[in-house]
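Peer 1: Give me a model of this one.
(one chain, ligands or ions: 1)
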Amino acid sequence: MNSKEIIELGDKYLMRNVGRLPLAPVKGEGARLCDADGNEYLDFVSGIAVNSLGHCHPAVTGAICRQAKKLIHCSNLYYIELQVLLARLLAENSGLDKAFFCNSGAEANEAAIKLARKYAKLKHGPEKVEIITALNSFHGRTLATITATGQPKYQKGFEPLPGGFKYVPFNDLDALEQAVGPATCAVMLEPVQGEGGVNVPSRYYLEGVRMLCQEHGALLIFDEVQTGLGRTGRFLAWQHFGVKPDILTLAKALGGGFPIGAMLAVEEVAGAFQPGDHASTFGGNPLACAAALAAVEEMLRGGVVENAASVGAYMYDKLKALAQKYGFVRDVRGLGLLLGMELAVEGKAVVSGCQEKGLLINCVNNNVLRFIPPLTITTAEVDRAVEILDQVMAGVKL
Ligand SMILES: *Cc1c(COP(=O)(O)O)cnc(C)c1O
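Peer 2: The predicted model follows:
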């Protein structure tokens with residue numbers, strides 16, 4: 001099928017639950033993505049921070065092909081060798097101790113919320129149930145995680161929402177100090193907000209959050225679904241700030257493109273889950289774990305995280321230079337290869353202008369261009385992307 005045929009069929013048979021761009025990708029390699037008409041794109045979206053090793057990294061595709069011939073699925077009624085090895089690899093590199101595997105970021109956060117509630121009830125009693133999250137956060141699309149998400153636009157129309165959630169402005173320690181209390185079970189944050197506009201908090205803030213949690217016997221949950229696994233130029237974003245959470249969630253890049261999520265916790269907290277408390281049929285199945293093991297090993301060994309840090313800094317400087325050139329750029333911010341450019345105008349036209357010229361980027365919060373290329377991206381590819389962006393921005397009508 002060509003792109004037009006795919007798009008027409010999609011409009012007929014798919015629910016319109018997401019706004020799709022008229023593009024039908026059929027293959028990819030590294031930072032290149034090809035559509036059904038043979039057009040090539042430089043991919044600075046990476047399946048929304050999923051393809052951190054680029055498309056079809058040979059280590060990941062090799063692991064998937066080998067494992068698919070051996071054992072695809074067997075159930076968590078049994079012990080799965082690759083799941084055990086993946087749990088150990090994550091424990092050894094995250095500062096947390098134990099893992100639960102699922103299939104997505106939302107599920108990982110659901111598991112985190114359940115574990116926090118269970119732990120708080122066992123340790124402190126039945127009243128300690130409240131989860132505090134940040135405005136402009138994003139934690140997923142299930143009912144509990146849209147409730148955790150501090151953005152009314154994701155909640156509207158789906159009420160009644162589960163109870164026990166409270167919101168505070170991000171990066172505002174005084175507001176959190178006002179909100180925490182004896183009923184606070186956990187504070188759940190993205191160490192850098194992704195969907196909410198690429199918002200980087202101060203170290204002072206996250207250190208303060210940690211202290212407030214300690215004071216009130218509340219757990220600190222970091223949602224590193226987007227920031228984790230090298231995206232910010234460290235293996236995990238918490239390592240930038242020296243603030244280690246009690247529970248940490250991962251998904252997006254974890255499987256090198258294969259769906260898998262994880263919820264990690266420190267030993268004491270993890271112990272609150274007893275057999276029967278939580279489960280997922282597919283979670284951590286052999287095929288998903290083979291993909292994730294290969295992906296995470298490649299991230300740790302291959303200089304991938306270091307590349308994200310250095311090329312991220314390089315790209316940040318390039319975007320700053322564009323900000324000097326165009327008066328409608330309000331701000332450039334981010335960490336590593338999670339970068340955002342806030343505009344004084346809507347970003348939609350820039351996104352489609354870039355697509356026409358062969359560059360894929362996306363826009364969050366209406367006016368923040370987000371750049372989340374593969375972590376293996378080169379400075380030459382960044383130069384090309386910024387050149388296209390420059391051309392498109394030159395044509396922006398104010
Ligand atoms: C994408 C994302 C999620 C949701 O992940 P899904 O796999 O889509 O459920 C949760 N938290 C953050 C920070 C994300 O970026």
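
Peer 1: and the residue of the chain found nearest the ligand, how many neighbours does it have?
Peer 2: The nearest approach of the chain to the ligand comes at residue 105, 2.2 Å away (Cβ to the nearest ligand atom). C-beta: built from backbone N, CA, C; applies to glycine. Close neighbours of residue 105, defined as other Cβ atoms under 10 Å, add up to 27.

Peer 1: One more: residue 345?
Peer 2: Neighbour tally, residue 345, other Cβ under 10 Å: 15.

Peer 1: hmm, back to that, quick one: the residue of the chain closest to the ligand from residue 236, how far?
Peer 2: 15 Å (Cβ to Cβ, to the nearest Å).

Peer 1: What of residue 86?
Peer 2: In terms of Cβ to Cβ, residue 86 sits 16 Å off from residue 236.

Peer 1: Output the helix or strand that contains residue 92 as PDB, restricted to C-alpha atoms.
Peer 2: Assigned by DSSP states H and E, residue 92 belongs to helix 81-94. Taking C-alpha atoms only, helix 81-94 is exported to PDB below (Å, rounded to 0.1, in the frame of the first residue of the first chain):
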ATOM      1  CA  GLU A  81      15.700 -16.600  33.200                       C
ATOM      2  CA  LEU A  82      15.900 -13.400  31.100                       C
ATOM      3  CA  GLN A  83      13.500 -11.600  33.500                       C
ATOM      4  CA  VAL A  84      15.700 -12.500  36.400                       C
ATOM      5  CA  LEU A  85      18.800 -11.200  34.500                       C
ATOM      6  CA  LEU A  86      17.100  -8.000  33.500                       C
ATOM      7  CA  ALA A  87      16.000  -7.400  37.100                       C
ATOM      8  CA  ARG A  88      19.600  -7.800  38.200                       C
ATOM      9  CA  LEU A  89      21.000  -5.600  35.500                       C
ATOM     10  CA  LEU A  90      18.500  -2.800  36.400                       C
ATOM     11  CA  ALA A  91      19.100  -3.200  40.100                       C
ATOM     12  CA  GLU A  92      22.900  -3.000  39.600                       C
ATOM     13  CA  ASN A  93      22.600   0.200  37.700                       C
ATOM     14  CA  SER A  94      19.600   2.100  39.200                       C
END
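
Peer 1: Could you list every helix and strand in contact with it?
Peer 2: strand 98-102, strand 261-265, helix 286-301 (3 or more Cβ pairs under 8 Å, 6 or more residues apart in numbering; DSSP states H and E).

Peer 1: pLDDT (mean, whole number) over it?
Peer 2: Computed over helix 81-94, the mean pLDDT rounds to 98.

Peer 1: and that helix with helix 286-301, angle?
Peer 2: 30 degrees (axes from the mean of the first three to the mean of the last three Cα atoms, to 10 degrees).

Peer 1: Any buried residues in helix 81-94, and which?
Peer 2: 82, 83, 86, 87, 89, 90, 94 (16 or more other Cβ atoms under 10 Å).

Peer 1: How about residues contacting it?
Peer 2: Residues outside helix 81-94 that contact it (Cβ atoms under 8 Å, 6 or more residues apart in numbering) are 67, 96-99, 101, 235-236, 248, 250, 262, 264, 284-286, 289-290, 292-293, 296-297, 300.

Peer 1: ok, residue 103 touching residue 262?
Peer 2: No: between residue 103 and residue 262 there is no contact under Cβ atoms under 8 Å: 10.1 Å.

Peer 1: The ligand contacts on the chain?
Peer 2: Taking Cβ under 6 Å from any ligand atom, the part of the chain that reaches the ligand is made up of 104-106, 109, 138-140, 190, 194-195, 223, 225-226, 251-252.

Peer 1: which of those lies closest to residue 24?
Peer 2: Nearest to residue 24, judged by Cβ to Cβ, of these is residue 252 at 22.1 Å.

Peer 1: what about that closest one, how many neighbours?
Peer 2: 28.

Peer 1: same check, this time on residue 286
Peer 2: Neighbours around residue 286, by other Cβ under 10 Å: 18.

Peer 1: do the one 5 residues further on as well
Peer 2: By the measure other Cβ under 10 Å, the count of residues near residue 291 is 26.

Peer 1: Tell me which residues touch it, please.
Peer 2: Contacts of residue 291 by Cβ under 8 Å, 6+ apart are 60, 63, 64, 67, 255, 256, 257, 258, 260.

Peer 1: Filter the residues you listed down to just the ones in helices.
Peer 2: Using DSSP state H, the members of these that fall in helices are 60, 63, 64, 67.

Peer 1: Would you mind putting those residues into a markdown table with neighbour count and pLDDT alongside?
Peer 2: Shown next, in a markdown table, are those (neighbours: other Cβ atoms under 10 Å; pLDDT from 0 to 100):
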| residue | neighbour count | pLDDT |
| --- | --- | --- |
| 60 | 24 | 98 |
| 63 | 24 | 98 |
| 64 | 20 | 98 |
| 67 | 20 | 98 |
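
Peer 1: Longest helix in the protein, by number of residues?
Peer 2: Every helix in the chain considered (DSSP H), the longest is helix 304-325.

Peer 1: Tell me the first helix or strand C-terminal of it.
Peer 2: strand 329-335.

Peer 1: and that next one, which strands flank it?
Peer 2: Paired neighbours of strand 329-335 in the sheet (DSSP bridges): strand 338-343 (antiparallel).

Peer 1: Next secondary structure element downstream of the strand it pairs with?
Peer 2: Next along the chain from strand 338-343, counting by DSSP H and E, comes helix 348-356.

Peer 1: now the angle from that next one to strand 338-343?
Peer 2: 130 degrees.

Peer 1: could you say what helices and strands helix 348-356 packs with?
Peer 2: Identification of packing neighbours for helix 348-356 by 3+ Cβ pairs under 8 Å, 6+ apart yields strand 362-364, helix 379-394.

Peer 1: got a markdown table for those, with mean neighbour count too?
Peer 2: Shown next, in a markdown table, are these (neighbours: other Cβ atoms under 10 Å):
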| stretch | mean neighbour count |
| --- | --- |
| strand 362-364 | 18 |
| helix 379-394 | 17 |
